[in-house]
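Undergrad: kindly generate the corresponding structure for this input.
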Amino acid sequence: MNIKRTVAFLLALAAAALFAAGNGPGPSESKLDPESAAFIKTARLIMSGQETKIWKRLPDAESRKEFIQDFWEKRDPDPTTEENEFRLEFERRVAYANKHFIEGGPGMNTDRGRIYIFMGPPDKFEEFLNNMVDSSFRGALLWWSYYNNQLAVEFVDERGDGRYKIQRYIGDFFGAMELFKLGQWVGPDSVFKQREVKFNLAYDAARKELVVTIPAKALLLRENADGAFQVDLDFRFYVYENEGAKRNVHTASGSFVTRDVEYEKAGDVPFRFAYTLQPGKNFVDVIAQGKEGSKGKIRKIFEIKVGR
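TA: Next up is the predicted model:
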């Protein structure tokens, strides 16, 4: 294999890894309730890695319904309107891809279809027909350019049968994809400053406590009646013990209060909750959100091993 083909193969493999992240999480679609099956058929394309892990663990239709509602709500760019503009645009792009990129299967599963779903129509479209100077492909070569993302993607019809594959790209390919996948809305009434908050969970076996640590810089504190800065959060823990499908639910509340106006420099803020994890491998799905009257929600699933 020559260098050009090796590079093309690695790029295609990387793209496939990105797109495959949602191809088949959890039970098969035939075993799902109709709402869940309809959702995962397309939404898997824009699921984050964490969302995929959580979806795989959801035990029933009720828990999946809650997940689906949260999934679309956190991507709604304007919650003050009845319509979810992000969802409507996503569904429109899926429909367009399925109609226009017909290569033997659903258009949303093709390279061009998936790029279109993530990026929309290109700002510049270029097509170059093979003049037999380059013998590495028989059909056409396409360039799609996206100026705002400083990204250009090259597709090649190697066999001349209308099946286009990603050959190479210029720019931050995966960064551009993630911007759309995690296109969450963060408004002024959110308790979190960032769309995606990297927080952690640990288990203090000696004190039998779950310890959630959230970066102070990700929290939006407001001044309380005493002149201090405060944020109040509600926590929900879905605990799957010993890798089982059955889950236990634990709810609790926590607050962070400080008088330091430069609280963002405090590092990680710990929230501790009494809970006894069983020995073995546990999966803990953590949801943290603002109390009633304030919005914002973060979610992540963790694997916690407890010694016997």
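
Undergrad: and the closest residue to Gly162 other than its chain neighbours, which of the three is it?
TA: In space, and not counting its chain neighbours, Gly162 is closest to Glu103: 6.1 Å by Cβ to Cβ, 6 or more residues apart in numbering. Backbone N, C-alpha and C define where each C-beta goes, glycine included. At Glu103 the chain is in coil, as set by DSSP: H, G, I helix; E, B strand; the rest coil.

Undergrad: report how many residues lie close to Glu103.
TA: Neighbourhood size, Glu103 [other Cβ atoms under 10 Å]: 17.

Undergrad: that one contacts Thr110, correct?
TA: Yes - contact criterion Cβ atoms under 8 Å: Glu103 and Thr110 qualify, at 5.0 Å.

Undergrad: any shared contact partners between the two?
TA: Arg163, Tyr164 (Cβ atoms under 8 Å, 6 or more residues apart in numbering).

Undergrad: pLDDT-wise, which helix or strand of this protein ranks last?
TA: One helix or strand of the chain scores below all others by mean pLDDT, DSSP states H and E: helix 3-19, with a mean of 44.

Undergrad: could you list the buried residues of the helix or strand following it?
TA: Once the chain leaves helix 3-19, the next helix or strand it forms, by DSSP states H and E, is helix 34-43. Neighbour-count burial for helix 34-43 flags Ser36, Phe39, Ile40, Thr42, Ala43 (criterion: 16 or more other Cβ atoms under 10 Å).

Undergrad: now helix 34-43: mean pLDDT?
TA: On average, the pLDDT along helix 34-43 is 94.

Undergrad: how distant is that helix from the center of its chain?
TA: Per Cα atoms, centre = their mean, to the nearest Å, the displacement of helix 34-43 from the mean C-alpha position of its chain is 16 Å.

Undergrad: which strands and helices sit next to it?
TA: helix 61-73, helix 85-100 (3 or more Cβ pairs under 8 Å, 6 or more residues apart in numbering; DSSP states H and E).

Undergrad: for Phe137, helix, strand, or coil?
TA: Assignment for Phe137 (three-state DSSP): coil.

Undergrad: these two touch, right, it and Asn130?
TA: Yes - the criterion here is Cβ under 8 Å, and Phe137 meets it with Asn130 at 6.0 Å.

Undergrad: now the common contact residues for the two.
TA: Shared contacts of Phe137 and Asn130, counting by Cβ under 8 Å, 6+ apart, come down to Gly160.

Undergrad: where does the chain have low pLDDT?
TA: In the predicted model of the chain, residues 1-30, 131-136, 179, 182-189, 195, 293-294 satisfy pLDDT under 70.

Undergrad: of all residues in it, which one is nearest the centre?
TA: Central residue of the chain (Cα atoms, centre = their mean): Ser48, 2.2 Å from the mean position.

Undergrad: residue contacts, the residue nearest to Gly162?
TA: Contacts of Glu103 (Cβ under 8 Å, 6+ apart): Thr110, Gly162, Arg163, Tyr164.

Undergrad: tell me the two of those that are most distant?
TA: Maximum pairwise distance among the contacts of Glu103 (Cβ to Cβ): 10.1 Å, between Thr110 and Gly162.

Undergrad: of the two, who's got more company?
TA: More neighbours surround Thr110 than the other of Thr110 and Gly162, with 23 against 12 (other Cβ under 10 Å).

Undergrad: show me the contacts for the more buried one.
TA: Ala97, Phe101, Glu103, Arg163, Tyr164.

Undergrad: farthest pair in the residues you listed?
TA: Going by Cβ to Cβ, the pair spanning the contacts of Thr110 furthest: Ala97 and Arg163, at 14.5 Å.

Undergrad: neighbour count: the two, which is higher?
TA: Ala97 (23 against 18).

Undergrad: what residues sit buried inside stretch 78-91?
TA: Asn84, Phe86, Arg87, Phe90.

Undergrad: oh, that last question was meant for stretch 207-226, not what I typed.
TA: Glu209, Leu210, Val212, Ile214, Pro215, Ala216, Ala218, Leu219, Leu220, Leu221.
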